[in-house]
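# predicted structure and sequence below. I'll ask about it afterward.
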Amino acid sequence: MRCRDEQTRMIWAAAHPRKELRILSEPGAVTIEAAADGAAGEDGKPKLPRFAMVAYTGGPMRIAGWKFPVIVELAGMAIPSQSRPVRFGHDAAAGVGHTEAIRVENGQVLAEGVISRDTPAAREIIVAARNGFPWQASIGAAVERFEFVKDGQSVQVNGRTFEGPVNVVRKATLGEISFVDLGADQQTTIRVAASARNGEQTMTFEQWLEAKGFAQADLDETQRASLQAMYEAEVAAANGRKADDGDGDGDGDDDSPAAKIRADATAEAKRIAAVTKACGRHQDILAKALEEGWDASRAELEVLRAERPAPPAAHVPNDSLDGRVLEAACMISGGLAADAAVQAYGEQTVEAAAKRFRGGIGLQELILEAAWANGWQGRSFRDVRGALRAAFAVQAAGLSTIDIPGILSNVANKFLLEGFFSVERVWREVCAVRNVSDFKAVMSYRLIGKDQYEIVAPGGEIKHGTLGEKKYTNKADTYGLLLAVDRRDIINDDLGAITTVPRKLGRGSGLKINDVFWTAFLNNSAFFTTANRNYISGATTVLSIDGLTAGEKAFMDQVDTDGKPIGIMPQILLVPTDLSAMAAMLTKSLEIRDTTASTKYPVANPHQGKFRPAVSRYLSNSAYTGYSATAWYLLADPNDLPVIEVAFLNGQESPTIETADADFDRLGIQMRGYHDFGVALQDPKGGLKSKGAA
């Protein structure tokens, strides 16, 4: 998705409230303690390996797909239960275990639990921990609400102060926690400890081979014997002891500094010699082994992997093809910038897509890849309906990694948002936003009422305040459009069909919300009136220093039902395109020089920096009732006292797009876009209209 500013990112995230936010841990600790063989707990059941981790430290993180750092407010993160699934790399098919305790303490997420799954991933984690691999933790959380803190602003989160620009996730739900092998920060450090107490190594040689990625059928006698020796060495290292060195402490080590230096130097020399011998002619492996401090066993293992006989070449279209690779290929072919693709999918995925589909992927190829993954036996696109039905089929066994509706929806959503954000969005700057849960009319009250403090009489009784008596209503409606990629687009292999159609749907949604919003806003003859004391007219109201001064005075002279000042300050100067230059000059210029003969102003601009200019082309468009090229508006901050409100169903501020196989009477792919929102004028005291003419 090509984000034009960070507000675009905020709207996108709000449009996908249940998307997974995978946050890698900052510097923290993951500790694994292996259970002894045959050991039992108090309940008589086998004792399982345990882990403890700092899953998240509460600070800013660099997350793929987010332009600026992300901070999760832990006070707003829901933990559904103390028992959450623990996985490897956020893969539901790679279960590891579960948590038994999750708590937020000192601005961090701490978790403890057991490795309760008997899977290759779980066994690999235990073995790697014994070998000293530095595991990290990552939480998977569903984002429900967040805000963007701009550059130059600061925010307090998790007991600390952070400077913008930064995204603050205010509300999220913890889904799962994963072991990962690479953090989001190269400075991240993780401590991993593993031990076997009062027992022997629990993993058999066959299990060890599986965890290391070797298939027994692929090994000859020499390789098997070598691996057997390595396995036995690991068992001995995990369960054995050193001989007593006779220094009286019984730990098998000479504790003098000189002895330690000699021992370290000797050990390093032995390691280099053993590694060099193990690597043999594999100089690339030798260089990496010496640089990263491998032992001889690790080097020998890598050499065995490098020398493993390659299986005979066979054409298997998609057995190892990840759906994300297809999605990345579609985005690149559709015109997504390379750096944006890397940010969204990762460098390895984009590189794999570029290598696999060098000339760009076509629509036919995309459908065929999905159909093959779902077990389709065809090898060409002659059977269009068969390929489509196979591509869109739901696999009961869940064996396919390619979800064509999901890929099309993800690709379409990115281009949908591109179209949605390509049209004017001034409405978002001047309105209040309401979250509604259904299509019923909702009520709001004027915020100006009996809200002043009263003196507390003897006895301590505090008087009740009241909301204003004025009520305002709003309700959401559904707006939508159905388009289709037909058989001709598929036969023509036109991938642009799944990028152009969503762009049109997104642009159509953006135009519709503008149309509904400005129709309601400009139909304001009974809203901005002299009786409401929020309307001025006459030759002196032309947008100028004098006119803006008169408008500011009229706005600030508004009173509440008791005849007292409302205390709300104007913040936004809303103008049509004809007044754009004048609005910019009045709000931004430090000096305004009067070159006429009757000079009456000093050069200093009295309105510089007071208001935020907003320019809309809809204000002067003759297609809308109430249009004017001279009228301008002063508005309060919509968060304080809104003149107009937009209600979104479930807080989703951007449209939704869905894809599916076409109906039986059509060959193709259907796409539908819809958006649930409503617009209504609110409190007249939140704004002032100037006719800008006599």
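Received the coordinates, thanks.
# between the two ends of stretch 76-83, how far is it?
Start to finish, the residues bounding stretch 76-83 are 19 Å apart (CA to CA, to the nearest Å).
# pull out the buried residues from that stretch.
Within stretch 76-83, the residues that count as buried by 16 or more other CB atoms under 10 Å are 76-77, 79. C-beta here means a position set from N, CA and C on the backbone, and glycine is covered the same way.
# among those residues, which lie within strands?
residue 77 (DSSP state E).
# so which of the buried residues of stretch 76-83 is the closest to residue 59?
For the buried residues of stretch 76-83, the minimum distance to residue 59 (CB to CB) is 14.2 Å, reached by residue 77.
# my read: that closest one touches residue 168, true?
No: judged on CB atoms under 8 Å, residue 77 makes no contact with residue 168 at a distance of 11.9 Å.
# pLDDT weak spots in the stretch 351-500 of the chain?
Within the stretch 351-500 of the chain, the stretches with pLDDT under 70 are 359, 393-405, 445-452, 463-469, 483-498.
# what ranges do the helices span in it?
In the stretch 351-500 of the chain, the helices defined using DSSP state H, counting those that start in this stretch lie at 363-373, 384-391, 404-420, 427-430, 487-491, 497-522.
# please save the CA atoms from the second one in PDB.
Taking Å, rounded to 0.1, in the frame of the first residue of the first chain, the C-alpha atoms of helix 384-391 are listed here in PDB:
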ATOM      1  CA  VAL A 384     -11.400 -22.100 -17.200                       C
ATOM      2  CA  ARG A 385     -14.300 -23.200 -14.900                       C
ATOM      3  CA  GLY A 386     -12.400 -26.200 -13.500                       C
ATOM      4  CA  ALA A 387      -9.300 -24.000 -12.700                       C
ATOM      5  CA  LEU A 388     -11.500 -21.300 -11.100                       C
ATOM      6  CA  ARG A 389     -13.500 -23.800  -9.000                       C
ATOM      7  CA  ALA A 390     -10.300 -25.500  -7.800                       C
ATOM      8  CA  ALA A 391      -8.600 -22.200  -7.000                       C
END
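# buried sites along it?
387-388, 390-391.
# what's the weakest-modelled helix or strand in the chain?
Taking mean pLDDT, DSSP states H and E as the measure, the chain has strand 190-191 as its least confident helix or strand, at a mean of 34.
# mind putting the helices of the stretch 351-500 of the chain in JSON lines, distance to residue 548 included?
Formatted as JSON lines, the helices of the stretch 351-500 of the chain follow (distance: least, CB to CB, whole Å):
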{"stretch": "helix 363-373", "distance to residue 548": "55"}
{"stretch": "helix 384-391", "distance to residue 548": "61"}
{"stretch": "helix 404-420", "distance to residue 548": "34"}
{"stretch": "helix 427-430", "distance to residue 548": "17"}
{"stretch": "helix 487-491", "distance to residue 548": "54"}
{"stretch": "helix 497-522", "distance to residue 548": "20"}
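# to residue 472, which of those helices lies closest?
helix 497-522 (12.3 Å).
# what pLDDT, on average, does the helix or strand following that closest one get?
Counting by DSSP states H and E, the element after helix 497-522 in chain order, helix or strand, is strand 535-536. The average pLDDT within strand 535-536 is 96.
# so which elements touch strand 535-536?
Helices and strands touching strand 535-536, by 3 or more CB pairs under 8 Å, 6 or more residues apart in numbering; DSSP states H and E, are helix 545-556, strand 687-690.
# as JSON lines, the ones you listed with distance to residue 149, mean pLDDT and mean neighbour count would be great.
Shown next, in JSON lines, are the helices and strands packed on strand 535-536 (distance: least, CB to CB, whole Å; pLDDT from 0 to 100; neighbours: other CB atoms under 10 Å):
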{"stretch": "helix 545-556", "distance to residue 149": "29", "mean pLDDT": "94", "mean neighbour count": "18"}
{"stretch": "strand 687-690", "distance to residue 149": "27", "mean pLDDT": "97", "mean neighbour count": "28"}
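# poorly predicted segments of the stretch 1-150 of the chain, please.
Those would be 1-46, 64-65, if you go by pLDDT under 70 across the stretch 1-150 of the chain.
# hang on, the earlier thing: would you list the helices and strands packed on strand 535-536 in CSV and tack on distance to residue 427?
Shown next, in CSV, are those (distance: least, CB to CB, whole Å):
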stretch, distance to residue 427
helix 545-556, 21
strand 687-690, 14
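# so for residue 361, which of these sits nearest?
Using CB to CB, the nearest of the helices and strands packed on strand 535-536 to residue 361 is strand 687-690, at 51.0 Å.
# that closest one - contacts with which helices or strands?
strand 535-536, helix 545-556, strand 632-636.
# between these, which gets nearest to residue 476?
Checking these against residue 476 by CB to CB gives strand 632-636 as the closest, at 23.0 Å.
# so residue 104 makes contact with residue 74?
Yes: between residue 104 and residue 74 a contact is recorded at 4.8 Å, counting by CB under 8 Å.
# neighbour count winner among those two?
residue 74 (19 against 15; other CB atoms under 10 Å).
# residue 86 versus that one, what's the distance?
To residue 86, residue 74 is 19 Å away according to CB to CB, to the nearest Å.
# for residue 543, grab phi and psi.
Dihedral pair for residue 543: phi -60, psi 110, per degrees, to the nearest 10.
# and for it, the neighbour number?
Counted with other CB under 10 Å, residues neighbouring residue 543 total 22.
# how near is it to residue 604?
Separation of residue 543 from residue 604 (CB to CB): 19 Å.
# and if you look at residue 411?
When distance is defined by CB to CB, residue 411 is 54 Å away from residue 604.
# of these two, who's got more company?
Per other CB under 10 Å, whichever of residue 411 and residue 604 has more neighbours is residue 411, with 26 against 10.
# which residue packs closest to that one, ignoring adjacent ones?
Leaving aside its sequence neighbours, residue 411 sits nearest to residue 330 (CB to CB, 6 or more residues apart in numbering; 4.7 Å).
# on the three-state scheme, the one you found is what?
In terms of secondary structure, residue 330 is helix; the call rests on DSSP: H, G, I helix; E, B strand; the rest coil.
# distance-wise, check it relative to residue 344.
Look at residue 330 and residue 344: by CB to CB, they are 12 Å apart.
# which one of the two is surrounded by more residues?
Applying other CB under 10 Å to residue 330 and residue 344 shows that residue 330 carries more neighbours, namely 27 against 19.
# so that one touches residue 366, yeah?
Yes: Residue 330 is in contact with residue 366 according to CB under 8 Å; the separation is 6.4 Å.
# tell me the two of the buried residues of helix 384-391 that are most distant?
Farthest pair in these, by CB to CB: 388 and 390, 7.4 Å.
# joint contacts of the two?
residue 371 (CB atoms under 8 Å, 6 or more residues apart in numbering).
# need the helices for the stretch 201-350 of the chain, in chain order.
Counting by DSSP H, counting those that start in this stretch, the stretch 201-350 of the chain has these helices, from start to end: 205-212, 221-239, 257-279, 283-292, 296-307, 323-333, 338-345, 347-356.
# so what touches stretch 433-447?
With contact meaning CB under 8 Å, 6+ apart, stretch 433-447 is reached by 467-478, 641, 645-651, 653, 676, 678, 682-683, 685.
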